[in-house]
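Trainee: build me a model:
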Amino acid sequence: MSLRRSGLQKDVLGLYRRALRMVRTKPPSTRPKFLLFVRYTFHHNATTVSPRNLSVIEHLLRQGKKQLEMYEDASVKDCWVSNEMTTWDEARRNSAL
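Mentor: Numbers count the residues shown, from 1 in each chain. You can find the predicted model right below:
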């Protein structure tokens with residue numbers, strides 16, 4: 001059984017894959033921070049935005065592409081991770097146990 005995805009779903013998944021590929025280009029010491037930033041941002045937006053709210057999803061896609069282009073720059077070596085992101089990651093890891 002194959003899943004048929006809408007164009008918007010494909011765009012979101014493509015942006016997520018592109019972001020994960022960007023993480024692999026960063027220095028090994030900062031990769032966990034970039035990965036947490038990407039995972040948290042996508043999870044947070046997925047849980048706070050209704051799938052029916054297409055205009056907001058399109059806006060977030062445009063915003064995400066611009067932000068990703070900035071992070072893809074080779075001169076960007078580190079990113080900031082908030083306490084909220086760290087707490088979310090710890091809770092996610094503890095619930096997986």
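
Trainee: all contacts plus neighbour counts: C-alpha atoms, from now on.
Mentor: Noted.

Trainee: after the strand or helix carrying Arg39 comes which helix or strand?
Mentor: Arg39 is part of helix 31-48 when elements are defined by DSSP states H and E. For helix 31-48, the succeeding helix or strand toward the C-terminus, using DSSP H and E, is helix 54-72.

Trainee: residues of that following helix that come out buried?
Mentor: For helix 54-72, a neighbour-count test (16 or more other C-alpha atoms under 10 Å) marks Ile57, Leu60, Leu61, Gly64, Lys65, Leu68, Tyr71, Glu72 as buried.

Trainee: tabulate those residues (a markdown table), appending distance to Ser82.
Mentor: As requested, those are arranged in a markdown table below (distance: C-alpha to C-alpha, whole Å):
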| residue | distance to Ser82 |
| --- | --- |
| Ile57 | 23 |
| Leu60 | 20 |
| Leu61 | 22 |
| Gly64 | 18 |
| Lys65 | 21 |
| Leu68 | 18 |
| Tyr71 | 17 |
| Glu72 | 20 |
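
Trainee: reformat those residues as TSV; add pLDDT and distance to Leu36.
Mentor: As requested, the buried residues of helix 54-72 are arranged in TSV below (pLDDT from 0 to 100; distance: C-alpha to C-alpha, whole Å):
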residue	pLDDT	distance to Leu36
Ile57	96	21
Leu60	97	18
Leu61	97	19
Gly64	97	15
Lys65	98	17
Leu68	97	14
Tyr71	97	14
Glu72	97	16
